[in-house]
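Novice: Sequence unavailable; structure follows:
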């Protein structure tokens, strides 16, 4: 059930979270937790007057090409040990999805503890993390950028520049990237209190990129690396290079489309790994399809299966900026999980057909859906 907002319920929620996530100190008065709680709906199961299972959904907006849609970031999925595996969370998820749909939420994202577990509720892996490990020797093969300058500062000093840059990135064919509100930016700064902020300015004084980073022993850890042009990419890497005498290794967890390795003349000292990061779930296919640019003039999309969100099942006539239900066989047929991969993830239509995930009822010679980039550094 959807939990009420009162002091007793807050005590029950924080008690369960503290136990399930092994919190060392109480969080009922923690500003970091309360900021997230204030922008979330909580759903739970009570048994014998005790809150035994919990799911929280934070409210965000997500960039879908040139439009913004409501997005729910699911987190704090928690159960007391004696109630795990007994269907508590499974009973919460359909109710939560229905409530989010009624609130106009188009998509949901979460960081899974088990992909198989969340796949049964319509989620699918859509976001991957590309991890770079660079030895300090790698920077011997980086040409330094001498133009422009780097300015370091605190979050309060640099936030105006960083937020403008981030907003500009959102206009660059992003799909699924979080539209960060001030409360979320400030929470990220408070949650990671030992981070540093650096902004790259070009010769005209324009801010063209930023880096958020930490210094942990002999490892320089990059948390965010955003650049608007080749100059900012080169300048920020030159800033990293200036630290080679102080650090042995450099670590960067990047979006899957990152390409910093291409700037180095030699790549032998760079190790790149790829792993799943976040799962997505389409809650309202009609709303989402209205914002996805279509390569074809018109297409019939058919959702063949969606147990938790049955309103998505059926055929939809899709054209530029328009989507409506029709009683026709779909040109492209797939489950809601597969459409989550196609519309919000990296899966191409050709790959979906090859893997047997997608059925087409007519010859399709090109990719139907435009592919955007997901600059995803957020974690719920």
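Specialist: Arrived safely, thanks for sending. This structure is a prediction, so every number in the text was calculated from the model and none was measured. Numbering: from 1, shown residues only.
Novice: In contact with the closest residue in space to residue 322 that isn't next to it in sequence: list those residues for me.
Specialist: Distances taken as CB to CB, 6 or more residues apart in numbering place residue 290 nearest to residue 322, at 6.6 Å, with adjacent residues excluded. Quick note: C-beta positions are derived from backbone N, CA and C, even for glycine. By CB atoms under 8 Å, 6 or more residues apart in numbering, the contact set of residue 290 is 321-323.
Novice: So which of the residues you listed is the closest to residue 81?
Specialist: Closest approach to residue 81 among the contacts of residue 290 (CB to CB): residue 323, at 44.4 Å.
Novice: follow-up on the earlier one: from residue 310, how far off is the residue nearest to residue 322?
Specialist: Using CB to CB, to the nearest Å, one gets 20 Å for the distance from residue 290 to residue 310.
Novice: cool, residue 65 as well?
Specialist: Taken as CB to CB, the span from residue 65 to residue 310 is 27 Å.
Novice: Between those two, tell me which one has more neighbours.
Specialist: residue 65 (15 against 11; other CB atoms under 10 Å).
Novice: I'd say that one and residue 175 touch.
Specialist: Yes: in this structure, residue 65 is within contact of residue 175 by CB atoms under 8 Å, at 6.3 Å.
Novice: which residues do those two both contact?
Specialist: Common neighbours of residue 65 and residue 175 (CB under 8 Å, 6+ apart) are 292, 372.
Novice: how's the protein carved up into domains?
Specialist: Per the record, the chain has its domains at 7-110, 130-277, 284-360, by automatic domain parsing.
Novice: Now the helix or strand containing residue 160: buried residues?
Specialist: Assigned by DSSP states H and E, residue 160 belongs to helix 155-170. Of the residues in helix 155-170, 155, 158-159, 161-162, 165-166, 169-170 count as buried by neighbour count, 16 or more other CB atoms under 10 Å.
Novice: Other residues contacting that helix?
Specialist: For helix 155-170, contacts defined as CB under 8 Å, 6+ apart pick out 63, 151-152, 177, 179-180, 185-186, 189, 195, 197-199, 207-210, 212, 226, 228, 375.
Novice: Can you tell me which helices and strands the next helix or strand after that helix packs against?
Specialist: Using DSSP H and E, the helix or strand that follows helix 155-170 in sequence is strand 175-179. Secondary-structure packing of strand 175-179 (3 or more CB pairs under 8 Å, 6 or more residues apart in numbering; DSSP states H and E): strand 50-64, strand 67-79, helix 155-170, helix 336-344.
Novice: got those as JSON lines, with mean pLDDT and distance to residue 9 columns?
Specialist: Shown next, in JSON lines, are those (pLDDT from 0 to 100; distance: least, CB to CB, whole Å):
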{"stretch": "strand 50-64", "mean pLDDT": "97", "distance to residue 9": "8"}
{"stretch": "strand 67-79", "mean pLDDT": "96", "distance to residue 9": "14"}
{"stretch": "helix 155-170", "mean pLDDT": "96", "distance to residue 9": "32"}
{"stretch": "helix 336-344", "mean pLDDT": "96", "distance to residue 9": "32"}
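Novice: Now tabulate these in a markdown table and tack on distance to residue 118.
Specialist: Shown next, in a markdown table, are the helices and strands packed on strand 175-179 (distance: least, CB to CB, whole Å):
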| stretch | distance to residue 118 |
| --- | --- |
| strand 50-64 | 11 |
| strand 67-79 | 9 |
| helix 155-170 | 26 |
| helix 336-344 | 10 |
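Novice: Out of these, flag the one nearest residue 271.
Specialist: Across these, residue 271 has its closest neighbour in helix 155-170 (26.2 Å, CB to CB).
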